[in-house]
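A.B. asks: sequence and predicted structure, then a few things I'm wondering about:
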Amino acid sequence: MSDDFSFAVQATDGAARKGEIFTPRGTIRMPAFMPVGTAATVKAMFPQDVRAAGADILLGNVYHLMLRPGAERVAKLGGLHEFMRWPYPILTDSGGFQVMSLAKLRKLDESGVTFQSHIDGSRHHLSPERSMEIQHLLGSDIQMQFDECVRLPCSDEEAERAMRLSLRWAERSRKAFREQPGRAIFGIVQGGANKALRVESARALADMDFHGLAVGGLAVGEPQEVMLDMLETTVPHLPAGKPRYLMGVGTPDDIMQAVARGIDMFDCVMPTRAGRHGLAYTRFGKINIKNSRHAEDTRPLDPDSSCPAARDYSRAYLHHLVKAGEILGMMLLTQANVAYYQQLMAGLRAAVVEGRLSDFIAETRAQWAEGER
Ligand SMILES: CNc1nc2cc3c(=O)[nH]c(N)nc3c(CC[C@H]3O[C@@H](OC)[C@H](OC)[C@@H]3OC)c2[nH]1
């Protein structure tokens, strides 16, 4: 196992790619779905179950971890991998998105963002330099540049201001990144829903020495067709030899459509958050397990699933646990959902290798529509 970070495309099907990222902590099979582990845990799941579900990499977040327990403390305790007992790759977001969505009393200027913690009101400052230092302290394998993500819809002026600021912050993040074998930094394309801005941002970042590139500023309230239109505009300007990560996406259908347009990596709170609210993702579509029609249904979510939570427990039992507010209900549905997302990614990877991605997408959608047999 080399101690370097590297990426290889092994098959293509139209714009879609099947590839792998190699890191000293393990290989990431792509297209990949990265479960969100914001506060050093994939909520309601043991790390070994996240791994058993098929995940090669999970996410951490600068904003949450700098506020609690603190980046220096995580470093003192051996780093995030040791802290949360996840020895495989971790990608950390740079915190800019959460500051703008969670923190109070934010002040943004060229230096960065000053804000008050949503937890205890303490005051903090995040800059490209401090965000990279925190990601280094956490021991992150893939670090994200510090950027500004604007909500949609927004004016062209607002999108341009944030995109240019994010490019200047990309340079500063890249300079502040501590080069280490196996460690990577990704740039983030911004530009709102403005095609010219998206192309300019992508081209500028492609010329900087990033290991991978993310498409940011999407999944922020825009319709799917706007998101897909921005992908068709942006992806052709991203280097084919680097991984492409679409941040915050998405539903199973969003992911399939984005894979077909050349995206390799995804993250979304949907499978974990939905699991905690009684919503199950399955090959037959979504199942709201709270619905009374499941109260005496002895079938599991999916008898053919490799995930024990989806295969071994009746819908009646899951219905009972969720109605009773039992913790095990959250645990089982979260595990089943994360496993379903990983099974979907495995199906997409195989379909690209076999050159049958469009058939796979059509078959998968048909099975959702058909629902239960
Ligand atoms: C939901 N839609 C969505 N669009 C997004 C766009 C951006 C963006 O342009 N820049 C940055 N830096 N982050 C973004 C993010 C946050 C992802 C993180 O948010 C956290 O999920 C809650 C998780 O942190 C473990 C994840 O880590 C990568 C987005 N999320």
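C.D. replies: Okay, I see it.
A.B. asks: where do the strands sit along the stretch 51-200 of the chain?
C.D. replies: 58-61, 90-93, 104-109, 112-116, 123-126, 142-144, 184-189 (DSSP state E, counting those that start in this stretch).
A.B. asks: okay, those strands in CSV with mean pLDDT next?
C.D. replies: Formatted as CSV, the strands of the stretch 51-200 of the chain follow (pLDDT from 0 to 100):
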stretch, mean pLDDT
strand 58-61, 98
strand 90-93, 98
strand 104-109, 90
strand 112-116, 96
strand 123-126, 97
strand 142-144, 98
strand 184-189, 98
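A.B. asks: do you know which of those strands lies nearest A350?
C.D. replies: Minimum separation from A350 across these (CB to CB) falls at strand 58-61, 22.3 Å. No exception for glycine: its C-beta is placed from N, CA and C like everyone else's.
A.B. asks: coming back round to it: out of the strands of the stretch 51-200 of the chain, flag the one nearest Y317.
C.D. replies: Of all the strands of the stretch 51-200 of the chain, strand 58-61 comes closest under CB to CB, at 27.8 Å.
A.B. asks: if I pick E160, what's in contact with it?
C.D. replies: Taking CB atoms under 8 Å, 6 or more residues apart in numbering, we find E160 in contact with G191, N194, L197.
A.B. asks: could you export the strands of the stretch 51-200 of the chain to a markdown table, including columns for mean neighbour count?
C.D. replies: Below are the strands of the stretch 51-200 of the chain laid out as a markdown table (neighbours: other CB atoms under 10 Å):
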| stretch | mean neighbour count |
| --- | --- |
| strand 58-61 | 24 |
| strand 90-93 | 26 |
| strand 104-109 | 12 |
| strand 112-116 | 20 |
| strand 123-126 | 16 |
| strand 142-144 | 28 |
| strand 184-189 | 28 |
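A.B. asks: distance to the ligand added to those, as CSV?
C.D. replies: Listed next are those as CSV, based on distance: least, CB to the nearest ligand atom, whole Å:
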stretch, distance to the ligand
strand 58-61, 4
strand 90-93, 3
strand 104-109, 14
strand 112-116, 12
strand 123-126, 11
strand 142-144, 5
strand 184-189, 5
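A.B. asks: among the contacts of E160, who's most crowded?
C.D. replies: Neighbour counts for those (other CB atoms under 10 Å) peak at G191, which has 29 neighbours.
A.B. asks: you'd agree that residue is up against R161?
C.D. replies: No. G191 is beyond contact range of R161, at 11.1 Å (criterion: CB atoms under 8 Å).
A.B. asks: show me what from the stretch 201-350 of the chain comes close to the ligand.
C.D. replies: Within the stretch 201-350 of the chain, the positions near the ligand by CB under 6 Å from any ligand atom are G216, G217, L218, A219, V220, M247, G248, D267, V269.
A.B. asks: the third one is in contact with L228, isn't it?
C.D. replies: No. Between L218 and L228 there is no contact under CB under 8 Å: 9.5 Å.
A.B. asks: what about these two, which has more around it?
C.D. replies: Comparing L218 with L228 by other CB under 10 Å, the one with more neighbours is L218, at 29 against 17.
A.B. asks: so who does that one touch?
C.D. replies: Contacts of L218 (CB under 8 Å, 6+ apart): L152, M227, M230, L231, L246, M247, G248, V249.
A.B. asks: so who does the last one touch?
C.D. replies: To tie it back to what came earlier, the one meant is V249. Here V249 is in contact with L218, A219, M227, I255, A258, I263, F266, D267, C268 (criterion: CB under 8 Å, 6+ apart).
A.B. asks: could you find the closest non-adjacent residue to the second one?
C.D. replies: By that I understand A219. G248 (3.8 Å; CB to CB, 6 or more residues apart in numbering).
A.B. asks: cool, and the last one?
C.D. replies: Using CB to CB, 6+ apart and skipping the chain neighbours, the partner closest in space to C268 is G250 (5.3 Å).
A.B. asks: still on that earlier bit, quick check on the contacts of V249: which are buried?
C.D. replies: Neighbour counting by 16 or more other CB atoms under 10 Å classes L218, A219, M227, I255, A258, I263, F266, D267, C268 among the contacts of V249 as buried.
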